Each structure stands twice: as C-alpha cells, then as structure tokens.
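Engineer: please work out how this folds:
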Amino acid sequence: MNPPSGDATDSLLEVRRARASTVIVHRVPPDQVGRFLELQRGITEAAKAFAGYQATDVYPPGERQQSEWVVVIHFDDPGALQCWLDSPARAEWIGKLRSEMGDFHLKTLPAGFGAWFGGLVNGSDVVLPPSWKIALSVLLALYPTVMLLYICAAPYLNPLGLAVSVLLSNALSVSILQWVVTPVLKRLLRPWLGADDRRQRALSIGGLVAILLLLAGMAILFRQVTG
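Structural biologist: A predicted model of the protein is given here:
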C-alpha cells in the first residue's frame, strides 16, 4: 500500500472548537431521587430555550458516592453558557432546587476537550485532570482512530470528492471518539487522570511513559501497514 500523502492525511483531521460545560454535584437522599429528577427535567426544559444549548447529562451515584448525583450541562461556547448561568430563569429553578434538595457544588469547565473528562468525582468535588493529561489522552484516542479510518474508509470516501470525504471522515471520527473510544479510554485511564501530581507523582510519570511508548509502538505498526 502506498504511504498516505500529507494532503490525504490532513483531510481526515479538522480542528474544532469544543463545547463549554458546567458540572454540578448534588447530594440527593434516596427517597428524594424522583423529585430530584423531576426538577432536573424542568431545569433542562428551561435551558433548551437558550441559544447554544446542546445537552444535559445526568450521572447517578457511583460505587463510592452513595448519594452524589452529577449533572453536566453543555453549551456551544463559554459565552452561551454564561448567559444561561446568569439568567433569571436558571436562578428561579436553582431557588427551587436549593429549597428542596439543599446546596450543591458547581464547576465550569474551560472550553476544550476537558468536557470529555469532567465526570471524575472525588468526594464532593469535580476534578478536571491537568491540561497536559487531557491533551495526551485525546492524542491517544485520536491517532489510532484517524489512522484506522484512513486505512479502512479512505478507499471508499476518496472517490466522493474532497469536500464530502472530509465531512464524512470527520463525522465518523467524532462519533467514534464520542461514543466508543473516549468512554472506554476514560475508564481505563481513570487512576492516571485522577492522580495528584504531588502525592502520586510516580503514577503520573509512569502513565506518561506508558502512553508515549504506546503511541510510538502504534506509529511503527502503522508505518509498516502503510509502507
């Protein structure tokens, strides 16, 4: 097989502006879960009326958090998210939520791939991994995805023309990353992503070395396959 040209490889990559998100952690007594979900549905309906709203993800308690529910709200960009956070409509719903469920912890995630890794919860705090760990994790997910798509799908997409092939290849890569690769990778890398640099430096450094070696191994393998 002929090696991919620079233009062909670039056609599989496109830099996109990621969404902005806010993460809220609630302590919900088991007998109040129904009412909590009812309130979340109301808040979600209110958020849908705002420009830039994308989605709301609700995560039930994990094994170690028996009463902690995590809600992640996604908007197109930080400005749209801030409009929602500052709105009277949200303030009204938050008043209801606080009066019935008590206070909660809120953290706004910066724009970028951090939203993919915002579900790491430590106690009552939402922990966002360091930016270098997020970048390395995204690279670990993106590189094999793009290469495999090039090897497997490019022969079928290229005859459609550059504009259509770029659109379809990006749609495939984003879908695979969002619903297949990233959820699995986040579970596998959770101990490393959540490792505190000061107290768990050995784990952070060991994970860094392992990922770099894995990327180098994949580069050698793909070089053999593509010629």
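
Engineer: could you look up the SS state of residue 212?
Structural biologist: Here residue 212 is helix, with the state taken from DSSP: H, G, I helix; E, B strand; the rest coil.

Engineer: nearest residue to residue 29 in space, please, no chain neighbours.
Structural biologist: residue 67 (6.3 Å; CB to CB, 6 or more residues apart in numbering). For glycine as for every other residue, the C-beta is placed from the backbone atoms N, C-alpha and C.

Engineer: the helices in this structure, which residues?
Structural biologist: Using DSSP state H, the helices of the chain run over 6-10, 33-48, 78-85, 88-101, 131-157, 162-176, 182-193, 201-226.

Engineer: how near is residue 188 to residue 215?
Structural biologist: 15 Å (CB to CB, to the nearest Å).

Engineer: now do residue 202
Structural biologist: 21 Å.

Engineer: between these two, which has more neighbouring residues?
Structural biologist: A side-by-side neighbour count of residue 202 and residue 215, using other CB atoms under 10 Å, places residue 215 first with 15 against 9.

Engineer: domain assignment for the protein?
Structural biologist: Under the assignment automatic domain parsing, the domains of the chain span 6-16+130-226, 20-111.

Engineer: redo these as JSON lines? Include mean pLDDT.
Structural biologist: Listed next are the domains of the chain as JSON lines, based on pLDDT from 0 to 100:
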{"stretch": "domain 6-16+130-226", "mean pLDDT": "82"}
{"stretch": "domain 20-111", "mean pLDDT": "83"}
